[in-house]
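>>> Next comes the sequence, and after it the predicted model I'd like to discuss.
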Amino acid sequence: MITKPDIAIRLLTLAEAASILKISKRTLHRMIQHRQIPAFKVGGQWRILESRFQEWVEEEEHLTQRAG
């Protein structure tokens, strides 16, 4: 049986992710609703997987650099 290495799963709240991006929770929520940021609900509250969030930030940075 193959087991996966123990990886800590870190979830961000909307407040934490909004703070990192320096935007309002309302703006972040709108981006989630438009599927611009990967997120999912846990018990009715939005959560963002930190690793996916970091990937998204890097992709956005790369796209911005290419466009500019």
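Yep, that arrived.

>>> And for residue 37, the neighbour number?
By the criterion of other C-beta atoms under 10 Å, residue 37 has 21 neighbours. No exception for glycine: its C-beta is placed from N, CA and C like everyone else's.

>>> pLDDT at the nearest residue to it once chain neighbours are set aside, what is it?
Once flanking residues are discounted, residue 37 sits nearest to residue 31: 4.8 Å by C-beta to C-beta, 6 or more residues apart in numbering. On the pLDDT scale, residue 31 is placed at 97.

>>> what packs against the helix or strand hosting residue 31?
Residue 31 belongs to helix 25-33 when elements are defined using DSSP states H and E. The helices and strands touching helix 25-33, judged by 3 or more C-beta pairs under 8 Å, 6 or more residues apart in numbering; DSSP states H and E, are helix 14-21.

>>> rerun at 10 Å
helix 14-21, strand 45-49 (3 or more C-beta pairs under 10 Å, 6 or more residues apart in numbering; DSSP states H and E).

>>> Next secondary structure after that helix?
Sequence order places strand 40-42 as the next helix or strand after helix 25-33, per DSSP H and E.

>>> Name the residues that touch that following strand?
11, 32, 46-49, 52 (C-beta atoms under 10 Å, 6 or more residues apart in numbering).

>>> List the buried residues in stretch 42-60.
46-50, 53, 56 (16 or more other C-beta atoms under 10 Å).

>>> would TSV of the residues you listed with pLDDT and distance to residue 37 be doable?
Putting the buried residues of stretch 42-60 into TSV (pLDDT from 0 to 100; distance: C-beta to C-beta, whole Å) gives the following:
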residue	pLDDT	distance to residue 37
46	97	10
47	98	11
48	97	7
49	97	11
50	96	12
53	96	7
56	94	6
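
>>> helix or strand for the residue positioned nearest the centre of the chain, which one?
With distances taken as C-alpha atoms, centre = their mean, residue 53 lies nearest the centre of the chain, 3.1 Å away. In the assignment (DSSP H and E), residue 53 maps to helix 50-67.
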